[in-house]
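Enquirer: Got a predicted model here, sequence first, then my questions.
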There are 4 protein chains.
Amino acid sequence: MAGNSFGQNFRITTAGESHGPGNVVILDGVPAGIPLAVEDLLPDLERRRPGQSKLVTQRQEGDIPEILSGIFEGKTTGTSIAILIRNQDQRSKDYSNILDKYRPGHADFTFDAKYGFRDYRGGGRSSARETNVRVAAGAVAKKVLKEIWGINILSYVKQVGNIVADIAKPEEVTLEQVETTPVRCPEPESAAKMIALIDEVRKDQDSIGGVSEVVATGVPAGWGEPVFDKLRADLGKAMFSIPAVLGVEFGEGFAAALKRGSENNDVFVMGKDGRVETETNRHGGMLGGISSGMPIVFRCVIKPTSSLSKAQRTVNQAGEEVEIQTKGRHDPCLLPRFVPIAEAMTAVTLLDHALRQESASIVIRSNS
Amino acid sequence: MAGNSFGQNFRITTAGESHGPGNVVILDGVPAGIPLAVEDLLPDLERRRPGQSKLVTQRQEGDIPEILSGIFEGKTTGTSIAILIRNQDQRSKDYSNILDKYRPGHADFTFDAKYGFRDYRGGGRSSARETNVRVAAGAVAKKVLKEIWGINILSYVKQVGNIVADIAKPEEVTLEQVETTPVRCPEPESAAKMIALIDEVRKDQDSIGGVSEVVATGVPAGWGEPVFDKLRADLGKAMFSIPAVLGVEFGEGFAAALKRGSENNDVFVMGKDGRVETETNRHGGMLGGISSGMPIVFRCVIKPTSSLSKAQRTVNQAGEEVEIQTKGRHDPCLLPRFVPIAEAMTAVTLLDHALRQESASIVIRSNS
Amino acid sequence: MAGNSFGQNFRITTAGESHGPGNVVILDGVPAGIPLAVEDLLPDLERRRPGQSKLVTQRQEGDIPEILSGIFEGKTTGTSIAILIRNQDQRSKDYSNILDKYRPGHADFTFDAKYGFRDYRGGGRSSARETNVRVAAGAVAKKVLKEIWGINILSYVKQVGNIVADIAKPEEVTLEQVETTPVRCPEPESAAKMIALIDEVRKDQDSIGGVSEVVATGVPAGWGEPVFDKLRADLGKAMFSIPAVLGVEFGEGFAAALKRGSENNDVFVMGKDGRVETETNRHGGMLGGISSGMPIVFRCVIKPTSSLSKAQRTVNQAGEEVEIQTKGRHDPCLLPRFVPIAEAMTAVTLLDHALRQESASIVIRSNS
Amino acid sequence: MAGNSFGQNFRITTAGESHGPGNVVILDGVPAGIPLAVEDLLPDLERRRPGQSKLVTQRQEGDIPEILSGIFEGKTTGTSIAILIRNQDQRSKDYSNILDKYRPGHADFTFDAKYGFRDYRGGGRSSARETNVRVAAGAVAKKVLKEIWGINILSYVKQVGNIVADIAKPEEVTLEQVETTPVRCPEPESAAKMIALIDEVRKDQDSIGGVSEVVATGVPAGWGEPVFDKLRADLGKAMFSIPAVLGVEFGEGFAAALKRGSENNDVFVMGKDGRVETETNRHGGMLGGISSGMPIVFRCVIKPTSSLSKAQRTVNQAGEEVEIQTKGRHDPCLLPRFVPIAEAMTAVTLLDHALRQESASIVIRSNS
């Protein structure tokens, strides 16, 4: 299959392009009996929506989801849930000038190489437009994780260009703090600087990269599989499946290269509630790929938007060297809109492993 | 399923623990008609082997693989290939003192949380011992990738502690350069410093982290799937499935946070052979998750070995605070032995996507 | 996952209930470059449609499919194709009297046992309404199989009650012959008797079972996998996944119990075109689970419709013994509408194996 | 992948040929904490073993299983279990005369068509030798199903040639009754006739087909998924994946073609223990593909052994018409040895669905 599904026990399957009729996701494996309505999907879709602030693209997409199945009398039935989000503001003429030119940093050339041709309107299937149904699916997964296990998932912007926010306790950041500014950095001083920087690059017809941090609290110890499907491995895949992600690091991450074992190991201690904890959380909440009960913490680096209003050199399908300007409405910085997508894919991954652990732990459960 | 398989069209499934009878891998999907013998597996197993130099653990594991199926008259038959590597030097008494203590940085506690009990001998299934059959499977995948597509995969050590090798052209590094020193850093001056540093931490009964770089050359444009199974996503998962990997970055990686789009985009140009290329390779060989034909380049950070001869604080199963010393023979630095494992998982991932592209590109192939 | 997907390299995933907004299918793995339009889906949907003749239910469902993705300028793009069919004539009041009663032969009780509650409107997800998107997906698969390999798939009614049509050469039956009568039996004399019998049971407020035969011609030798994913095994699963199928038999089928090996084996001979053939086709086109190049022939038995206008005894959710009459509009015989569904699932299965063989046969192809 | 795996939450993956070093199975998803030892595997392997009586082939295979992983201190650890059975009595010279001839009814020709060549020694991967590790895996699955849910799975021979045993209550047949005679028919009079018939065909250098019935008791209501992964569909696939199976029917099976709905529906009633039951079991224990709590009952038809000592006509690889005699030691009737294989695949399928239901029923369980 062509990679349009994610997950094992909880699986999402998507379809849709930026300029087709719409995007669809089918959720397979949502447990029966969870209260769910369209309203549960709206807040995160609003956070992903273009046009929400001047920091992001001014395209209007109007993400109105329709739940087509799997809900009866306000509850999930246990059967597959389909969600449709139709495309509205498509303006395909914006893209006509790039019909046969390969946009630098985009998938135009690689799609041509793979399929022999491509839907050139706004990137087709390679457009980040497809992430709207991931966010819808993530909202469902978040709800289930919250209802059954009391799990919270939150992401925020930690770095834009050279502005790095100092967030000492990721597990204490609140959604309210994140949503205070349009840049979604919970540390106000850094947020102000980030906003100024994004404004500057936007005026330069340029773009800027950054780093997002993701935190999941309340995940019980014991989720994740020991070898290939380590929780870390599946979260890593989930993040790398999001457009523009060039790097992912858990806990101490790349800084661990500089550390000695005696500095890097987290000492086990007994927590106040009688549960095993670690004194520090350099391991990022997973040991041997299995959750430790500590907060899960990781970071993703997002490259600067590839579409620029500035002229760039490239080649066309005929192999001629040409100039290209992508005149559409682009995000000067992808980070603010990345945040809900990262949360969504984290939720989708955690729910999958939650369900996998249910089938792994039969005997333990029956004994306890 | 409990995560013991990796891949779709080409899939490996493994079993085995550090102190059981042995480890097994079943390879499903190897094309028929490829010459293959046990000898093809030995070089990479030798590179992964403990005891190969004083930089690594002095355990003797004697990785002698036996091919149990799938080969007839020297060629792959197209049916599943099973490879068995028996364990030899097990010394389970080395581990008896840690029976009920949770080793910091290890999966002892998380296995107990997941399964209700654990095989405490050397980590059981969580031990990196299981990677020997990954390396065997990777050797098969490498051979197929080389025979059919002419692909080369190479990894080397780029950083140990604060020693960072400057490798300007990753795609020009040779296996010979890598294998010149036991630390597997192809830049001799850095290699010498790394060796000295590892020697120092070993004497301190400590360990040290580092970074490995992986390069795949010859991968044609068009491999990888557009959404969830981006080549980047599957390579990322492959790397995060290896013990001790805390971060993965492709191309420019985390440095892209600091970049503007106009600095970060790679300009398309026509190559000497009439194929589309990029002038630079900050994208790391994949665009939109699909290979661009440029070298695939990424890096992994490996944490310092968690097992230390030094005493560390921890708790035991009864919840008492205790001290622990893991007296066995440990790697002071995991990097030199990580290199063949990274190559193996890269090969396994690429072969899977190679086969997936065969089924995706039927019409294109028949038209060309 | 909850079993809403079918296939490996070509995979369909569905959602939808009889009385929700509609049904959706996502097709993953359709090769790029195949001409495809909504018109390709209509003929088979029309054949499955209720109300097409007096032999079938008089419900009006108006199966108008909308393709939401995966097509650009009239061709498949290689990315996932979503098809939506909205429900129209729902009349949920017809079902209100069965809210808490378990209809005999239906999944009401088993859904309650599985999920704790159920969508009682027309069976919800257990209704055969979901097969409309299977037929849409099958129409796509048929088109691809025809375009690339010249394969034809045809089913027809072989038996209704005790009326058995004698079809000596299944591979010579034509779609025109099948569509001549509303009962879809290509042998006119038997067709007339079947129509009379169905009319009789309808007047008795009863229903009747039967057998459908399926034939695929043009399938090349070599499709199917040797062990678990035998082509026979996947076709068998495909058929048993269709509501009301109680048995499947290939080639000689259950009659083989009576045979000696010397009577049952098909002798290999050289065909006129220089290809290996068998003199007879008691093996039904597959040997060792792999296609032999001979026509694939199998039969399915479909039970009589469980919904009866007649009163039946049953129990309700409270455990009381009650009477039930399902007053809706039911098929007196499922066979005529089963035919396009069987063809669809056959096509979906064959396309999956076609694509699997592309990735298995790389070396062979490059050598030939 | 090439079809060497079966199952989702519980998955088995196999490798091995008739004349290679041995066969291996990896079991993924066995819950932790189940007592398990090699002794648990021996009885069913003994029942499958060649040479156990004069009714079956006199080959000696000596199926001694070795458990390579996944057990610690007598209990399953939750990690993957590998089981190896080495081949012993191979006598490859028996097969040398068929090197380039296609045996009628065998996969020789289809393997050549698929892979370009084949392991001609005893059928290689297409040999039923591979079922020995299925039986080992099935023994594990049976043990888990028995320990956790109290499920019993039993198969027996119902028909050989024209001798049909009348078994009124399949759910009351005992293992002891089945094992009383070497033909494994629990009805003594029919068993005697079957034995005589098999003896007769053996003397004629011929073989004979038959039907096996499988019964699973104790399966709770609610297992199986509503659409593609109906329990019936997965059991059907499981059976069709076994060599020589040409047909599968559940409950009333093909006889349902003759029935009216009013005759075929099973009436729901309240059982003595206050649970919902059906008065009759024509549905075979599943409704809508989901278990009803009634005994699961189905039948498989097995063709007569294709290998005959008698001369048969065929062609060779060069396309010449030739004669073939397969002089080896063959089963005159496959049925007696089919019984434990059918039980094994039934157990593997049921355990998969048992685990799937654990992850589907979280909310229901927590509410009850």
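Expert: Yep, it's here. Numbers count the residues shown, from 1 in each chain, chains lettered A, B, ... in the order given.

Enquirer: can we go C-alpha only for contacts and neighbour counts from here?
Expert: Noted.

Enquirer: Check which helices and strands the helix ranked longest in chain A is in contact with.
Expert: Counting by DSSP state H, the longest helix found in chain A is helix A:335-360. Counting contacts by 3 or more Cα pairs under 8 Å, 6 or more residues apart in numbering or on different chains; DSSP states H and E, helix A:335-360 packs against helix A:42-48, helix A:131-149, strand A:152-160, strand A:210-217, helix A:231-240, helix D:335-360.

Enquirer: how far off strand A:152-160 does the fourth one point, in degrees?
Expert: Angle between the axes of strand A:210-217 and strand A:152-160 is 160 degrees (criterion: axes from the mean of the first three to the mean of the last three Cα atoms, to 10 degrees).

Enquirer: again, but for the second one
Expert: Using the same axes, to 10 degrees, one finds that helix A:131-149 and strand A:152-160 are set 130 degrees apart in direction.

Enquirer: same question, the last one
Expert: Computed with the same axes, to 10 degrees, the direction of helix D:335-360 lies at 70 degrees from that of strand A:152-160.

Enquirer: orientation of helix D:335-360 relative to helix D:231-240 in degrees?
Expert: On the basis of the same axes, to 10 degrees, helix D:335-360 is oriented at 140 degrees to helix D:231-240.

Enquirer: Just the buried residues of the helix or strand that comes right after the longest helix of chain A, please?
Expert: Using DSSP states H and E, the helix or strand that follows helix A:335-360 in sequence is helix A:362-367. For helix A:362-367, a neighbour-count test (16 or more other Cα atoms under 10 Å in any protein chain shown) marks A:362, A:363, A:364 as buried.

Enquirer: Most tightly packed of the helices and strands packed on helix A:335-360?
Expert: Of all the helices and strands packed on helix A:335-360, helix A:231-240 has the most neighbours on average by mean count of other Cα atoms under 10 Å in any protein chain shown, namely a mean of 29.

Enquirer: Make JSON lines out of the helices and strands packed on helix A:335-360 and add mean pLDDT.
Expert: Formatted as JSON lines, these follow (pLDDT from 0 to 100):
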{"stretch": "helix A:42-48", "mean pLDDT": "95"}
{"stretch": "helix A:131-149", "mean pLDDT": "97"}
{"stretch": "strand A:152-160", "mean pLDDT": "98"}
{"stretch": "strand A:210-217", "mean pLDDT": "98"}
{"stretch": "helix A:231-240", "mean pLDDT": "98"}
{"stretch": "helix D:335-360", "mean pLDDT": "96"}
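
Enquirer: Any chance of the ones you listed in CSV with distance to residue B:285 as columns?
Expert: Putting the helices and strands packed on helix A:335-360 into CSV (distance: least, Cα to Cα, whole Å) gives the following:
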stretch, distance to residue B:285
helix A:42-48, 28
helix A:131-149, 23
strand A:152-160, 24
strand A:210-217, 21
helix A:231-240, 14
helix D:335-360, 39
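
Enquirer: Let me know whether residue A:222 touches residue B:114 as I believe.
Expert: Yes - using Cα atoms under 8 Å, residue A:222 makes contact with residue B:114 at a distance of 3.9 Å.

Enquirer: shared neighbours, the two?
Expert: Residues within reach of residue A:222 and of residue B:114 at once, by Cα atoms under 8 Å, 6 or more residues apart in numbering or on different chains, are residue A:357.

Enquirer: Run through who's touching stretch A:45-53.
Expert: Residues from elsewhere that reach stretch A:45-53, judged by Cα under 8 Å, 6+ apart: A:56-63, A:132, A:135-136, A:182, A:337-341.

Enquirer: first vs last residue of it, how far apart are they?
Expert: One end of stretch A:45-53 to the other measures 14 Å (Cα to Cα, to the nearest Å).

Enquirer: Also stretch A:56-72?
Expert: 37 Å.

Enquirer: Going by neighbour count, list what's buried in the host helix or strand of residue A:178.
Expert: Here residue A:178 sits within helix A:175-179, counting by DSSP H and E. Residues of helix A:175-179 classed as buried by neighbour count (16+ other Cα under 10 Å): residue A:178.

Enquirer: following it, which helix or strand shows up next?
Expert: Defined by DSSP H and E, the subsequent element after helix A:175-179 is helix A:188-203.

Enquirer: could you say what helices and strands that next one packs with?
Expert: Counting contacts by 3+ Cα pairs under 8 Å, 6+ apart, helix A:188-203 packs against strand A:152-160, strand A:163-164.

Enquirer: what about that helix, average pLDDT?
Expert: Averaging pLDDT along helix A:188-203 yields 97.

Enquirer: what residues does that helix touch?
Expert: If you take Cα under 8 Å, 6+ apart as the criterion, helix A:188-203 is touched by A:55, A:159-161, A:163-165, A:181, A:183-185, A:207-208, A:332-333, B:260.

Enquirer: Quick check: which ranges of the stretch 251-368 of chain A have low pLDDT?
Expert: A:328, A:367-368 (pLDDT under 70).
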